[in-house]
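> Mind folding the following:
(one chain, ligands or ions: 1)
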Amino acid sequence: MQTVKLNNGVEVPILGFGTFQITDSKEAEQAVIDAIKAGYRHIDTAQSYMNEEAVGKGIANSGVAREEIFLTTKIWVENVSYDGVMASFQRSLDRLGVDYVDLLLLHQPYNDVYGAWRAMEELQADGKIKAIGISNFAVDRAVDLAEFNKVTPQVDQIEINPFQQQAENIAALKEEGIMVEAWAPFAEGKNGIFQNEILTTIGNKYGKSVAQVIVRWLVEQDIIVLTKSVNPDRMAQNLDIFDFSLTDEDKAQIATLNAGASQFFSHADPAMIKWMAGRRMDV
Ligand SMILES: NC(=O)c1ccc[n+]([C@@H]2O[C@H](COP(=O)([O-])OP(=O)(O)OC[C@H]3O[C@@H](n4cnc5c(N)ncnc54)[C@H](OP(=O)(O)O)[C@@H]3O)[C@@H](O)[C@H]2O)c1
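As a prediction, this is how the structure comes out:
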């Protein structure tokens with residue numbers, strides 16, 4: 001598997017397996033086992049996905065050593081403070097059944113991100129986390145965090161898909177040395193993405209699916225791609241993207257699909273911030 005290097009030298013498999021919305025514990029454990037069997041060595045979960053225990057069991061029962069897997073979890077909003085990170089990170093480790101994670105992210109740019117970041121810096125210095133990062137942070141918030149702390153975030157995990165391409169933000173984050181990860185690369189199927197005519201036509205040229213065209217388009221930008229599927233055939237399909245390349249014309253066609261807006265919600269919407277502030281996920 002192709003890897004990318006973070007600003008602290010940590011290597012990350014460029015394709016990761018996402019576990020959002022796989023809440024049934026048997027299904028989540030099986031999905032992780034199937035994903036590792038398909039070839040994934042990078043698994044993405046979060047406190048708020050309510051499946052850390054099942055994800056940990058899947059890794060433990062996969063037949064692949066823990067050290068071979070790049071494991072990410074995320075701190076939910078209610079725990080974003082110095083004490084909140086210290087206490088809830090230990091709960092995440094316990095639920096996952098591991099003694100370190102490869103990447104810990106602040107899931108959302110809300111609450112006491114400075115206190116939380118200092119706790120993450122300490123945990124990283126203690127060797128309990130290999131890399132630390134943020135998610136859903138706009139570039140200005142990412143730079144602000146980097147400028148007033150010791151460690152520049154190693155990663156920002158943001159929504160990127162053909163309808164929300166984020167080219168300027170990606171370039172600005174990379175300029176700061178922050179690696180970009182794409183969540184919802186398929187926009188969770190919204191807006192007819194799997195039937196999209198432009199993506200289908202490009203895929204047909206190479207004998208590839210719409211999903212494969214999207215993953216390839218992201219990998220060619222050196223973006224880490226997180227895809228979710230509970231179907232072993234689609235898991236394998238989403239990994240099988242290293243035997244073709246997109247032309248400049250293909251990329252120009254994909255550029256026309258950009259709507260320049262989230263397919264879900266704006267992280268600057270006060271109503272969403274209030275909704276997230278009220279969600280208790282680490283129970
Ligand atoms: N940091 C954040 O705030 C944040 C937010 C959202 C997501 N994420 C992370 O990013 C990961 C990926 O995003 P996501 O799960 O929201 O959505 P996604 O990967 O864009 O889309 C998943 C959907 O696409 C379907 N699918 C997958 N591969 C397919 C294929 N080859 N052909 C047709 N359909 C396919 C899946 O169905 P089946 O399962 O039935 O195959 C599922 O319905 C998450 O799992 C999570 O780890 C992070």
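> can you count the residues close to residue 143?
18 (other Cβ atoms under 10 Å). C-beta coordinates here come from the backbone N, C-alpha and C atoms, glycine included.
> before we move on, what about residue 187?
Should you count by other Cβ under 10 Å, residue 187 turns out to have 22 residues around it.
> which other residues reach stretch 55-71?
12-13, 16, 19, 25, 28-33, 35-37, 41-43, 45, 95-98, 101-103 (Cβ atoms under 8 Å, 6 or more residues apart in numbering).
> mind listing what the closest residue to the ligand within the chain touches?
Residue of the chain nearest the ligand, by Cβ to the nearest ligand atom: residue 18 (2.3 Å). Contact analysis of residue 18 by Cβ under 8 Å, 6+ apart lists 44, 183, 226, 227, 228.
> The ligand next: which of these are close?
44, 183, 226, 227, 228 (Cβ under 6 Å from any ligand atom).
> can I get those in JSON lines with pLDDT?
Listed next are the ones next to the ligand among the contacts of residue 18 as JSON lines, based on pLDDT from 0 to 100:
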{"residue": "44", "pLDDT": "98"}
{"residue": "183", "pLDDT": "98"}
{"residue": "226", "pLDDT": "98"}
{"residue": "227", "pLDDT": "98"}
{"residue": "228", "pLDDT": "98"}
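> Identify the residue spatially nearest to residue 38, adjacent ones excluded.
Closest residue in space to residue 38, ignoring its immediate chain neighbours: residue 235 at 4.2 Å, by Cβ to Cβ, 6 or more residues apart in numbering.
> and what of residue 26?
Using Cβ to Cβ, 6+ apart, the closest residue to residue 26 is residue 54 (7.5 Å).
> try residue 155
Closest to residue 155 by Cβ to Cβ, 6+ apart is residue 133, at 3.2 Å.
> Would you mind listing what in the stretch 101-250 of the chain touches the ligand?
107, 135-136, 157, 183-189, 194, 209, 211, 226-231, 234, 237-238.
> Among those, name the ones in strands.
If you go by DSSP state E, those have 135, 157, 183, 226, 227 in strands.
> List the contacts of residue 256.
residue 198.
> can I assume the residue nearest to residue 38 is in contact with residue 15?
No - using Cβ atoms under 8 Å, residue 235 is not in contact with residue 15; the gap is 10.3 Å.
> Need the residues touching each of these two.
Counting by Cβ under 8 Å, 6+ apart, the residues touching both residue 235 and residue 15 are residue 40.
> for residue 248, phi and psi?
Phi and psi for residue 248, reported as degrees, to the nearest 10, are phi -60, psi -40.
> What of residue 224?
phi -70, psi 130.
> what's in contact with stretch 242-253?
2, 198, 201, 202, 205, 206, 208, 213, 216, 217, 220, 254.
> Out of those residues, name the ones that lie in helices.
Among the contacts of stretch 242-253, the residues falling in helices (DSSP state H) are 198, 201, 202, 205, 206, 213, 216, 217, 254.
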